[in-house]
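Asker: From the sequence below, what's the structure:
(chains A, B and C)
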Amino acid sequence: MPTDSGTHAAPPLVELENVAKTYAVRQGSIRRSADSVHAVAGVSLSIGANEAVGIVGESGCGKSTLARMVLRLLNPSAGNLRFKGTEYGEMSRAEVQEFRSTVQAVFQDPYSSLNPRMRVADIISEPLRSTPGMTRKARRSRALEMLDSVGMPALAADGYPHQFSGGQRQRIAIARALVSEPALIILDEPTASLDVSIRAQILNLFNKLRQEFGVSYLAISHDLSMIRHLCDRVSVMYLGRIVEESSNEHFYENPLHPYARGLLGSLLMPLAEGQAPQDPMPGEPPSAVNIQPGCSFHPRCDSAFVLCSSDTPELAFRLGCEADQVTACHLYEKAEVQPTELGGRKQ
Amino acid sequence: MSFLLRRAVQGIATVFLMSIIVFILSRITGSPLDYLLSPLASEEEFAAVAADLGLDKPAVVQYFTFLGRALQGDLGRSVYFHELATSMIFDRLGATVSLASIAFILGAGLGVPAGVAAAVFRGTKVDAGARGMALFGQSVPSFFIGIVAIQIFSVNLGWLPVGGRHGLATYVLPAITLAAYVFAAILRLTRSSMIEVLSSDYITLAMIKGTPRWRVIWHHALRNALIPVITFSGLLLAQMLVGAIVVETVFAWPGLGRLAFMAAAQRDYPLLQAIVIFITVVFVLMSFIVDVIYTILDPRVRVSS
Amino acid sequence: MATEPSPPDGLRPEDPVPSDLEARKRKSVFARLFRGSGGVAVVILGLIVLSGILAPFLAPFEPEFGNLRESLLPPGSPAKDSSIPHLLGTDRFGRDVLSRVLYGSRVSLAVAAMAIAVAGILGTTIGIVAGYYGGVVDSILMRLADLVLAMPIILLALVLAVLVGPSFFNVVLILGAVLWAEYARQARAETLGIREREYVLLSRVAGISSIGIMVRHILPNILDTLLVLATLQVARVIIIEAALSFLGVGIPPPAPAWGLMVSEGRGLLNTSWWISVFPGIAITMTILTVNLIADRLKDILDPHGKVVG
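Answerer: This is a model prediction of the structure:
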């Protein structure tokens, strides 16, 4: 359900405004500043309390870069990021500390997410070290609580990561993400490295945790089915840009952008066991270096026409959109009327 | 190109740093006058030397005076021998270089084939034997080898002269002693490098094509396996100059190493200082040459960084 | 000869290391170490170390005082004031060689332990800081390390010995001041890799301080290779110290340093060979076993040759 954050008293947890990240291309030791990689090219997004937002896209579309910027691990080249209304760049030390305990993350690879030399209990309770006044005992009991919440036995507390399977390690990583009682957890491909059979379990865990703790998610994945089961809103990302955004149901009922349709098409094709999902769209995404004018998708688009190669379509409410959808495609006329209920979107 | 430039600058910085260090060391541990003149020298002699060195001037000026002279080739004068350090060094350089060269040829000449054999016959007794020899060569201290060798071969058996440098026979024992470590180090490096090359794809390809085994080893594998060995050797040679100190002392070999030792024994600081700076320059030069060779041999280094 | 980087030996870089090999390795480190010649080496080295530690109890005589009337006695000669004979003979000053060899173990080990401790702690700290923070700090520190690595140790020792006289402290100082650079280089290289690992990123996300990350995440994960480096260096330290003592610029008399003993017996090799030979054998055995163990340890802990010792 799209939230009407315009009338809420509290600002959204995290807000992105035209955030971009550009890397200069180097050849040898000479820097050719004319060439740049636009990993993220103008993304706007907002996540409020108890909301699950999903970002879908192929690998290389910039989603992980986006996640790192949200997590303050990377500085944006342009645009603004705000935490509870305060700009990232202007946060005081105390505010940064608050940010760190409010926003957590679970990454893709369960094998490198956990320090192989640390005990599970210590891994889980590590975020609590920056909380003043917590004794070792208190930290340990919190760790045990968290293990329970993620469905792991208390025995696991004294084990080492290598003793656990991928799915179990991911649970440990989730336990660590929860221990500081965050309001928002960034999930960067959390199930991509897990066996298919385990994925459902982890997904269920995420939903259960959301019910129990009211935590928000920013879920980033190429796996549409995961996003479908987890998120309230979906944004589709292509080559550093959001090309479509909508509520969960409307996205599956009414996909507009050809890329979104293509992604869904791959989802609907039945898979034989062990078969990797086929890509119904021919060609690979072009490199993000020196983006050409026009729609970034048009080289691969079946329905492209002349305008598509010269004019970059704006992400906007267009004819054919449901009330809570926006899309960036010339196939759909830009609508004059702007409905009032649109999740924090600026037109 | 920028890589080489950077290395050159680093090298020069090293030499300067070394000169500063030895200069500072000599000044903070007392006045140079203490070791330049015997305590019985007269007042006038003290004053003369002090003026010559410019000891009344601030330390920085002194350093630059020293530096200036050094750049012109004047590294000071030996207190004990009363000769110019630079000429003493060059007089003895030949002895050390000839010894080091022969030791290197011996060590590498035996080490490379042994390393290759160990790699080719990996896991067999040949390999075990070679590695055992390498282990010994690395572990027995050179001075021990030296004095035991002298005792057995010169004194007891009388086959070879005891020491000094006068004729081909006098090279034998010192060269063997110095070569022991070289042999060990080169054997191990050749072996591991060879093993790595032998397991690479294009070697397997050559074998499948039916090329005779010896040709594969000789032509294809060895050439690539030797690259790290060659670059390593450059550094090794430079360090042999220093390691020669011990061997030259044991065998009374009239080389640079022994000169350094005698300078130390006689507390002849100016001479020692000169030798240190000279050897640092050689070190740096050898490192740089190795870098150049490496750049030529390995195109990857040129393209990256 | 001792200032030598020993070339790498072991698995090829492209051999895959399974993700939990680390854990398995830890359990079997000692098991594999003790197999075959490795076990023999450990036993011998253990005896050498033990004899050094227990020297006051094991040595039949005082190492530094001798009865001049008992000088130059061959091995096995009876002693005047004791029922125990001079098992390895006596030296020019009538000192019992066996006792001196036993005590010499302490000297060598003390020098090695202290020099490596100093170099290790200093170098690791500098390396981690340089690797973690990068930028200018990294450049300066590594430039310094490179310069230090280019210095010839034995010559520096000669210089120092001339200026302030040889001493135990000087030896440790010189060795520590030159060897730290290897640790720094190694630690920095590994820190660069670990810094980008996901569990480090996640710790930053959790708000852990930089120091906390360096101490709790980076340091424990590089200790393995640092240990390999340390064991490789032990042999070098011992051989350098022996060479320095032999030349007279290391540990000064009357300390029972093995290198010093070899040099003292040098002129008498013809008649009283035992004075030089036994300490020489002691040095050789120590370095041999250390090298063997270091090789084994390297194969186990660092199969991909991350350490260039």
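
Asker: Contacts only, for C:Gly207.
Answerer: Contacts for C:Gly207 were tallied using CB atoms under 8 Å, 6 or more residues apart in numbering or on different chains; they are A:Val96, A:Gln97, A:Arg100, A:Ser101, A:Pro127, A:Ser130. Glycine gets a C-beta too; all of them are placed from N, C-alpha and C.

Asker: Apply 10 Å and report the result again.
Answerer: C:Gly207 makes contacts with A:96-104, A:126-131, A:180, as judged by CB atoms under 10 Å, 6 or more residues apart in numbering or on different chains.

Asker: Repeat that for B:Leu198.
Answerer: B:116, B:119-120, B:122, B:204, B:207, B:216-217, B:220-222, B:224-225, C:12.

Asker: anything in the lengthiest helix in chain A near chain C?
Answerer: When chain A is parsed with DSSP state H, its longest helix is helix A:196-213. No. Helix A:196-213 is not in contact with chain C by CB under 10 Å from any CB of the partner chain; minimum separation 16.8 Å.

Asker: roughly how far is that helix from the heart of the chain?
Answerer: Here helix A:196-213 shows a centroid-to-chain-centroid distance of 16 Å under the convention CA atoms, centre = their mean, to the nearest Å.

Asker: I'd like the next helix or strand past that helix.
Answerer: Once helix A:196-213 ends, the next helix or strand along the chain (criterion: DSSP states H and E) is strand A:216-221.

Asker: Which elements pack onto the helix or strand just after that following strand?
Answerer: Note on strand A:216-221: by DSSP H and E, the next helix or strand toward the C-terminus is helix A:224-230. Counting contacts by 3 or more CB pairs under 10 Å, 6 or more residues apart in numbering or on different chains; DSSP states H and E, helix A:224-230 packs against strand A:52-56, strand A:184-188, helix A:196-213, strand A:216-221, strand A:233-238, helix A:248-253, helix A:258-268.

Asker: Residues contacting helix A:224-230, please?
Answerer: Residues contacting helix A:224-230 (CB under 10 Å, 6+ apart): A:52-56, A:187, A:189-192, A:199-200, A:202-204, A:206-207, A:210, A:217, A:219-221, A:223, A:233-236, A:248-249, A:251-252, A:260, A:263-264, A:266-268, A:277.

Asker: Now restrict the residues you listed to buried residues only.
Answerer: A:52-56, A:187, A:189-191, A:199, A:202-203, A:206, A:210, A:217, A:219-221, A:223, A:233-236, A:248, A:251-252, A:260, A:263-264 (16 or more other CB atoms under 10 Å in any protein chain shown).

Asker: in chain C, which ranges drop under the pLDDT threshold?
Answerer: C:1-33, C:302-309 (pLDDT under 70).

Asker: By proximity to chain A, which residue of it wins?
Answerer: Relative to chain A, the nearest point of chain C is C:Gly207 (3.1 Å; CB to the nearest CB).

Asker: Just give me the neighbour total for B:Ile176.
Answerer: Using other CB atoms under 10 Å in any protein chain shown, B:Ile176 has 20 neighbouring residues.

Asker: mind checking how far it is from chain C?
Answerer: Between B:Ile176 and chain C the distance is 13 Å, computed by CB to the nearest CB, to the nearest Å.

Asker: Can you tell me the element that residue falls in?
Answerer: Counting by DSSP H and E, B:Ile176 is part of helix B:169-198.

Asker: cool, C:Tyr199 as well?
Answerer: helix C:198-205.

Asker: Now do the buried residues in that helix.
Answerer: For helix C:198-205, by 16+ other CB under 10 Å, it's C:Glu198, C:Tyr199, C:Val200, C:Leu201, C:Leu202, C:Ser203, C:Arg204, C:Val205.

Asker: Past it, which element shows up next along the chain?
Answerer: Following helix C:198-205 in sequence, per DSSP H and E, is helix C:210-213.

Asker: buried set for that following helix?
Answerer: Those buried within helix C:210-213 under the rule 16+ other CB under 10 Å are C:Gly212, C:Ile213.

Asker: Please work out which residues outside it touch it.
Answerer: Applying CB under 10 Å, 6+ apart, the contact partners of helix C:210-213 are A:126, A:129-130, C:128-129, C:132-133, C:194-195, C:199-201, C:203-204, C:206, C:219.

Asker: From the residues you listed, pick the one nearest chain B.
Answerer: C:Arg195 (19.9 Å).

Asker: How about the contacts made by the closest one?
Answerer: So C:Arg195 contacts C:Ile128, C:Gly131, C:Tyr132, C:Tyr133, C:Gly134, C:Leu201, C:Arg204, C:Ile213, C:Met214, C:His217, C:Ile218 (CB under 10 Å, 6+ apart).

Asker: pretty sure A:Leu16 is touching A:Leu45, no?
Answerer: Yes. Counting by CB atoms under 10 Å, A:Leu16 does reach A:Leu45; the two are 4.4 Å apart.

Asker: what residues do these two have in common as contacts?
Answerer: Joint contacts of A:Leu16 and A:Leu45 (CB under 10 Å, 6+ apart) are A:Leu66, A:Val70, A:Leu81, A:Leu218, A:Ile242.

Asker: Please narrow those to those residing in helices.
Answerer: A:Leu66, A:Val70.

Asker: filter the shared contacts of A:Leu16 and A:Leu45 by proximity to chain C?
Answerer: Answer for those near chain C: none qualify (CB under 10 Å from any CB).

Asker: which of the shared contacts of A:Leu16 and A:Leu45 are buried?
Answerer: Using 16+ other CB under 10 Å as the burial test, those include A:Leu66, A:Val70, A:Leu81, A:Leu218, A:Ile242 as buried.

Asker: Tell me, how many residues neighbour residue 258?
Answerer: By default, I'm working from chain A. Neighbour tally, A:Pro258, other CB under 10 Å: 23.

Asker: try again with chain B
Answerer: For B:Arg258, using other CB under 10 Å, the count is 22.

Asker: That one reaches B:Val247, doesn't it?
Answerer: Yes. B:Arg258 lies in contact with B:Val247 (CB under 10 Å); the separation is 9.1 Å.

Asker: Can you pull the residues that touch both of those two?
Answerer: By CB under 10 Å, 6+ apart, the residues touching both B:Arg258 and B:Val247 are B:Thr96.

Asker: which residues are contacting stretch B:214-228?
Answerer: Contacts of stretch B:214-228 (CB under 10 Å, 6+ apart): B:112, B:115-116, B:119-120, B:189-200, B:202-207, B:209, B:211-212, B:229, B:233, B:293-294, B:297-298, C:7-8.

Asker: from those residues, which would you call buried?
Answerer: With burial judged by 16+ other CB under 10 Å, the buried subset of the contacts of stretch B:214-228 is B:112, B:115-116, B:119-120, B:189-198, B:203, B:206, B:229, B:233, B:294, C:7-8.

Asker: Please state the offset of stretch C:67-75 from the chain centre?
Answerer: 33 Å.
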